[in-house]
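Enquirer: have a look at this prediction, sequence included:
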Amino acid sequence: MHATTVDGTRIAYQVRGTGQPLVLLAGQSNNHTWWDPIRADFEAHYRTITLDWRGTGESDKPDEVYSTPGFADDVVAVLDDLGLDSAHVYGTSMGGRVAQWLAIKHPERVNALVLGCTSPGAAHGYERSQEIRKALADPERSDRVLLELMYTPAWLAENPGPYYVLGDGSMPSYAKGRHLVASNRHDAWDGLPTIAAPTLILHGTDDIFSPVANAQLLADRIPGARAELVTGARHAYFHEFRSVASLAVLTFLAAAQDRT
C-alpha cells in the first residue's frame with residue numbers, strides 16, 4: 001500500500017495484526033524490515049504499521065532535501081491514508097528523532113510515545129565519537145563496525161545473520177546522503193517540552209552509537225517522561241534484548257491505554 005504526501009511523494013507502508021494502531025519507525029537509511037525480527041511481539045496486541053522512509057524500499061526516492069520534521073509529515077500521510085486519527089508511536093534511532101517531531105508538530109495524532117536509542121540532536125545531545133565516525137566512513141569496515149555497535153560480541157558469535165539493521169542495500173547513494181544529513185541536522189530541543197503524550201524512553205546501557213546519556217536528557221526535557229535502561233545492551237537493544245524491551249513497551253502502552 002502507498003500513501004501520497006502533500007508534495008506528491010508515494011510512501012509505501014505495511015499493516016499487520018489487529019487492535020489499536022501502533023506505528024513502528026525504523027532507523028536511518030533502513031526500511032520497514034528493520035522491525036521484522038520483533039514485529040510479532042506487537043502484532044498479537046496491536047495493529048502494527050510500518051513504512052519505508054522516502055528514499056528507501058518501495059517508497060519514492062526524490063533527490064531533494066530530507067528532514068526529520070519532513071519524515072514526520074510522511075508518517076501523518078500514512079495515518080491519513082489509513083483513516084486513523086491517532087496511534088501509538090514507537091521510534092528507534094532516527095525513527096525516534098522523527099517520532100519526537102511527530103509528537104511536537106502533530107500532538108493530536110500521538111496517543112503514547114516510545115523513544116528508543118535516540119537523542120534530541122547534536123546541538124544539545126550527546127554524539128558518537130569522532131573515532132566511531134571515521135570507522136563507519138571506511139567502506140572496508142563499515143558493516144562490521146556497525147554490527148559491533150549494534151550487538152554484543154556474544155550475540156554476534158551466536159547469530160551469523162541475516163541482519164536487519166545495516167541499511168537498505170537498494171538505496172541510491174544520493175538517498176543515503178540525504179538520510180545522513182536529515183538525521184545529523186535533527187534538533188527538536190525547543191519543542192520537546194511541548195510533548196503531551198505519555199512518553200517512555202528506552203536505551204541500552206552500553207550504547208555508544210547514540211550514547212546512553214541521551215536517555216535521561218530526553219526524560220528530563222519531556223514532561224512526565226520516564227527513562228528505562230536495558231542493562232548490557234548496545235544500539236539494537238530492541239532486537240538482542242527483545243524479551244526485556246518488548247515487554248517494557250507493551251507494559252507501558254497498556255498502562256497508557258488504561259489512563260485514557
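Expert: Nice, thanks for sending it over. Just so it is clear, the structure is predicted and the values come from calculations on it, not from any experiment. Residues are numbered from 1 along each chain as shown.
Enquirer: tell me where this structure has strands.
Expert: Secondary structure of the chain, counting by DSSP state E: strands at 2-4, 10-16, 20-25, 46-51, 87-92, 110-116, 199-204, 226-230.
Enquirer: adding mean pLDDT, write those out as a markdown table.
Expert: A markdown table is the format used below for those (pLDDT from 0 to 100):
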| stretch | mean pLDDT |
| --- | --- |
| strand 2-4 | 98 |
| strand 10-16 | 98 |
| strand 20-25 | 98 |
| strand 46-51 | 98 |
| strand 87-92 | 98 |
| strand 110-116 | 98 |
| strand 199-204 | 98 |
| strand 226-230 | 98 |
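Enquirer: kindly reformat these as JSON lines containing distance to Y237.
Expert: All C-beta atoms are positioned from the backbone trio N, CA, C, and that covers glycine. Output for these, formatted as JSON lines (distance: least, C-beta to C-beta, whole Å):
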{"stretch": "strand 2-4", "distance to Y237": "29"}
{"stretch": "strand 10-16", "distance to Y237": "22"}
{"stretch": "strand 20-25", "distance to Y237": "15"}
{"stretch": "strand 46-51", "distance to Y237": "19"}
{"stretch": "strand 87-92", "distance to Y237": "9"}
{"stretch": "strand 110-116", "distance to Y237": "7"}
{"stretch": "strand 199-204", "distance to Y237": "4"}
{"stretch": "strand 226-230", "distance to Y237": "4"}
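Enquirer: T152 is nearest to which of the ones you listed?
Expert: strand 199-204 (9.4 Å; C-beta to C-beta).
Enquirer: who does the closest one pair up with?
Expert: Sheet pairing for strand 199-204, assigned by DSSP bridges, gives strand 110-116 (parallel), strand 226-230 (parallel).
Enquirer: now the helices: where do they sit in this structure?
Expert: Counting by DSSP state H, one finds helices in the chain at the ranges 40-43, 68-82, 94-105, 130-137, 142-150, 153-158, 173-184, 213-221, 237-240, 242-259.
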